[in-house]
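Student: fold the following.
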Amino acid sequence: MESPAAAPGSTAPPGTGGAPAATRADPRKAAYEANKLRKRLCRQAGEAIADYAMIADGDRVMVCLSGGKDSHGLLDVLWMLKHRAPVRFEVVAVKLDKKQPVFPADVLPAYLGSRGIPFRIVEQDTYSVVKRVVPEGATMCSLCSRLRRGVLYRVATEVGATKIALGHHRDDLLATFFLNLFFGGKLKTMPPKLVSDDGRHVVIRPLAYVRERDLARYAALREFPIIPCALCGSQEHLQRKQVAAMLADWERKETGRVESIFNALSRVVPSHLMDRRLFDFASLRATGEPVDGGDIGFDTDPALEAAVEAAAAARTGAADDAVSERSPIRIVRR
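Tutor: Just a heads-up that it's a prediction; the model follows:
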């Protein structure tokens, strides 16, 4: 999800983008860092596109540009891949002008025009609708998202888009998984690729493998013209932000935990869950023949036990290092 660094209602003018003072003072260093990070983002996006067959030859990809760091990064990466990819595809940027107060209508057209990127600005006052319908203090995201989705589906047809690209990243997928787990009672997240609810469009998330912190750093280095959302930015205590804080805390304290959870999203074993729609438990019979990938029954899983022990050792090592930094007594591991 977009989380611009600028304050709600403010606009980072083109040429600033929240770049650190050190990189602005040394343009060569900024260019080097941006190029290095760009290569990683392009590689990760390229892997996701290939893994899930997101883009095919002749596609016209509509990039939904919110004005935040994530969608800016998505557009930048796809625009570069368009000129390097083995398949031929087109890119068009679409921005929905929701008529929020003090929206800088000239910023994105100037930026996109300067880069030669085809674009379309769609004006529709969804801001007033959301403010009128949603009670004060209630979450606005659901209604805002539905209204925006309807407009973008219509525009996708008008511009002849065969794919709709959204800027959700790895952290969004993880946060959505836990929101469904904690509050929805489902093992579910944002898929990298899906068919829209009206059955007429294919929606893709090329940044599915990309970390949010890399997108934030890239946006600063590239000095994108960030335009915060006055609706999302005004709701600081959403459950999604609390889940994001939980994941960030794990990243700091539990090395490898978040990476393991993310990898688990693509390593589902239906026979070892409880969904009868995904696995036919009723017809299970003992055949007397070995089963490839079958359960070892009463024994513990050696791979799982080894992973747990490795994580525990990593935590102990980190704790020892922290103690040794604070204490003059050196800890010697045998």
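Student: can we go C-alpha only for contacts and neighbour counts from here?
Tutor: Will do.
Student: for Arg28, see how far away Leu75 is.
Tutor: According to Cα to Cα, to the nearest Å, Leu75 stands 24 Å off from Arg28.
Student: okay, the two: which has more neighbours?
Tutor: Taking other Cα atoms under 10 Å, Leu75 and Arg28 do not tie; Leu75 has more neighbours (22 against 11).
Student: residue contacts, that one?
Tutor: Neighbour list for Leu75: Val63, Leu65, Ala93 [criterion: Cα atoms under 8 Å, 6 or more residues apart in numbering].
Student: please identify the helix or strand for it.
Tutor: Using DSSP states H and E, Leu75 falls within helix 69-82.
Student: can I get that helix in PDB, CA atoms only?
Tutor: This file holds the C-alpha atoms of helix 69-82, laid out as PDB (Å, rounded to 0.1, in the frame of the first residue of the first chain):
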ATOM      1  CA  LYS A  69       6.200   5.800  -3.900                       C
ATOM      2  CA  ASP A  70       4.900   2.300  -4.800                       C
ATOM      3  CA  SER A  71       3.100   3.100  -8.000                       C
ATOM      4  CA  HIS A  72       5.900   5.500  -9.000                       C
ATOM      5  CA  GLY A  73       8.400   2.700  -8.600                       C
ATOM      6  CA  LEU A  74       6.100   0.300 -10.500                       C
ATOM      7  CA  LEU A  75       5.800   2.700 -13.400                       C
ATOM      8  CA  ASP A  76       9.500   3.300 -13.500                       C
ATOM      9  CA  VAL A  77      10.400  -0.400 -13.400                       C
ATOM     10  CA  LEU A  78       7.900  -1.400 -16.100                       C
ATOM     11  CA  TRP A  79       8.900   1.500 -18.300                       C
ATOM     12  CA  MET A  80      12.500   0.300 -18.200                       C
ATOM     13  CA  LEU A  81      11.500  -3.400 -18.700                       C
ATOM     14  CA  LYS A  82       9.500  -2.400 -21.700                       C
END
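Student: first to last residue in stretch 170-186, what's the distance?
Tutor: Note: stretch 170-186 ends 19 Å apart using Cα to Cα.
Student: flag every buried residue along it.
Tutor: Judged by neighbour count (16 or more other Cα atoms under 10 Å), stretch 170-186 contains these buried residues: Arg170, Asp171, Asp172, Leu173, Leu174, Ala175, Thr176, Phe177, Phe178, Leu179.
Student: any regions of the stretch 201-334 of the chain where pLDDT drops low?
Tutor: Residue ranges of the stretch 201-334 of the chain with pLDDT under 70: 229-237, 293-301, 304, 315, 317-334.
Student: for the helix holding Leu75, the distance to its chain's centre please.
Tutor: Remark: helix 69-82 is offset 13 Å from the chain centroid, using Cα atoms, centre = their mean, to the nearest Å.
Student: do stretch 34-45 as well
Tutor: Its chain's C-alpha centre and that of stretch 34-45 lie 15 Å apart, by Cα atoms, centre = their mean.
Student: right, and the helix or strand after the helix holding Leu75?
Tutor: By DSSP H and E, the next helix or strand past helix 69-82 is strand 90-97.
Student: what are the pairing partners of that next one, and which direction each?
Tutor: Next to strand 90-97 in the sheet, as set by DSSP bridges, lie strand 60-64 (parallel), strand 119-123 (parallel).
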